[in-house]
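please work out how this folds:
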Amino acid sequence: MKNILILCTGNSCRSQIAHGYFSNLLKEKANIYSAGIETYGLNKNAIKTMQKDGIDISNYTSNNVNEYKNIAFDFIITVCDNANQNCPYFPFKNSKRIHKNFLDPSKVKNSKNFDNDFDKCRKEIKKFSIEFKKEFFNYLTTK
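Next comes the predicted model:
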């Protein structure tokens, strides 16, 4: 099994959404972890938007990246610029780092439809997750 870390600033929204999709898409192929540079708790709107795709993340926890320092990750995926810039060093030379900045729907100001912001973020992360699986499927299925 491969180990994948999805890292964001607070591990409350974007990384949790990605964690849900990666867990759903990669079931028996990878152990999925999500964490933040800080921890803000799980965002209730992230839970709500994922329910639209039938994925329950309500039992996920907001974790700090330091909890996973000793895990040899095959992939470290940062889903925001802040996490990419502040990602701690992991001493495993075979880790592949991937960065994709997604808009933080919890930070959008003056939005006319808050749900649309979360849905847009969810759809972008879903697309990224599906593309990741297609690109790295062969690697994920090798020992």
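
burial measure for the closest residue to residue 133 other than its chain neighbours, as a count.
Spatial nearest neighbour of residue 133, chain neighbours left out: residue 25 (5.0 Å); criterion: Cβ to Cβ, 6 or more residues apart in numbering. Glycine gets a C-beta too; all of them are placed from N, C-alpha and C. Using other Cβ atoms under 10 Å, residue 25 is surrounded by 17 other residues.

now do residue 61
12.

that one touches residue 40, doesn't it?
No. Using Cβ atoms under 8 Å, residue 61 makes no contact with residue 40, being 11.6 Å away.

hmm, back to that, in a helix, the residue nearest to residue 133, correct?
Yes. Under DSSP: H, G, I helix; E, B strand; the rest coil, residue 25 falls within a helix.

now do the contacts for it.
Counting by Cβ atoms under 8 Å, 6 or more residues apart in numbering, residue 25 touches 129, 130, 133.

any buried residues in stretch 92-110, and which?
Of the residues in stretch 92-110, 95, 98, 100, 102, 104, 105, 106 count as buried by neighbour count, 16 or more other Cβ atoms under 10 Å.

just stretch 136-143 next, same as before
Buried, per 16+ other Cβ under 10 Å, within stretch 136-143: 136, 140.
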